[in-house]
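Novice: starting from these lines, generate the structure:
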Amino acid sequence: NCKMNSLVSVAFVVLCCSAFAVAIPSRCSSPKQWAGQMRRFDPKIGMAVGEYFYDEINQRKARVETFSNETFTGHFHVIELFAEKTYYQIDLDTKQCESGELTFPFVPHSVVDNATFSGDFVIGSTAIEDASVEITTWNHVFEHEGKKFDWFGDFTLHGCLPVKNGIDFEDGFFVELFADIVLGDFDPNMFIPPAGC
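Specialist: This next block holds a predicted model:
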C-alpha cells in the first residue's frame, strides 16, 4: 500500500507539473510595424493621449498627442529616432520645434527572448460569446549605461498585440496603454521632422 501510495503521489506531482508547463504560453512575436491609439502616464510630468506610430524595423517611434498635467495642456508631435539617438518635439500650437539626444534605449513593444511569463487574465467576460480577450503578462530586467530597468508588458494571447507596457527605473516610471491597433498602416511622414527643425 505504501509503495502504491508513493507511485500515485509521484504520478500526481508529474501530472500537475505537466499541466502547469502546458499552461505557460511560449514567447510570442509581436508585429513590428503598426499604428494605434495611446495613453501614456508618467507621474512626474503628466498624461498624454493621442495617436502612436511604431516601427521596430527602423527603431523609431512617433506620437501626436495631447499632453496635460495640473498646470499645462499642449499638443505635440514627438519623433524618436533611436538609430540616430535623436528626438524631435514639435509644438503643434506654436509650431516651435526642439530636438536633442535620446538617452533612453529603444524598448520594443514585444515579448523579448529573456522575458519571464508572470500570468494571464481575461478582459471582458467569457460568459458572453465574443466578449472577451485573453491577455498574457511578461516581465524582464535589462541594463542600459549602467542603470537597471524593470520592464513589464501585457499582450493579447492571439496575435501578440501590445496592450500595456511599462518601465520602472531609478528616476521614476511610466506606463503606456494601446488600443485600435492597425498593422503596418502608418504615414511615413510621421517620422520626418519639419524642415528647419
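Novice: what ranges does this protein have for its strands?
Specialist: Residue ranges of the strands in the chain, as given by DSSP state E, are 33-42, 46-55, 60-68, 73-81, 86-91, 97-101, 116-124, 132-144, 147-156, 162-169, 172-183.
Novice: mean neighbour count and distance to Ile24 for those strands - can I get that in CSV?
Specialist: (Glycine included, C-beta is placed from N, CA and C.) Written out in CSV, the entries for the strands of the chain read as follows (neighbours: other Cβ atoms under 10 Å; distance: least, Cβ to Cβ, whole Å):
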stretch, mean neighbour count, distance to Ile24
strand 33-42, 18, 26
strand 46-55, 20, 27
strand 60-68, 19, 30
strand 73-81, 17, 33
strand 86-91, 17, 37
strand 97-101, 12, 40
strand 116-124, 12, 5
strand 132-144, 15, 9
strand 147-156, 18, 14
strand 162-169, 18, 19
strand 172-183, 15, 24
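Novice: for Pro25, which of those is the nearest?
Specialist: Each of the strands of the chain was scored for nearness to Pro25 using Cβ to Cβ, and the closest is strand 132-144 (5.4 Å).
Novice: distance between that closest one and the chain's centre?
Specialist: When C-alpha coordinates are averaged (Cα atoms, centre = their mean, to the nearest Å), strand 132-144 and its chain have centres 8 Å apart.
Novice: going forward can the numbers begin at 880, since that is how I track them
Specialist: Right, with 880 as the first residue, what we last looked at is strand 1011-1023.
Novice: ok, back up a step: out of the strands of the chain, which gets nearest to Gly1075?
Specialist: Among the strands of the chain, the nearest to Gly1075 by Cβ to Cβ is strand 976-980 (7.6 Å).
Novice: report the central residue of the protein.
Specialist: Computing the C-alpha centroid of the chain and ranking residues by Cα atoms, centre = their mean puts Asn1044 first, at 3.1 Å.
Novice: I figured that residue hits His988, correct?
Specialist: Yes: taking contact to mean Cβ atoms under 8 Å, the distance of 5.8 Å between Asn1044 and His988 places them in contact.
Novice: tell me, what's touching these two both at once?
Specialist: Counting by Cβ atoms under 8 Å, 6 or more residues apart in numbering, the contacts common to Asn1044 and His988 are 1032, 1057.
Novice: which strand residues bridge Phe1053?
Specialist: In this structure, Phe1053 has beta-bridge partners Ile1046, where bridges are defined by DSSP bridges.
Novice: sorry, slip of the keys, the one I care about is Asp934.
Specialist: For Asp934, the beta-bridge partners under DSSP bridges are Gln912, Arg939.
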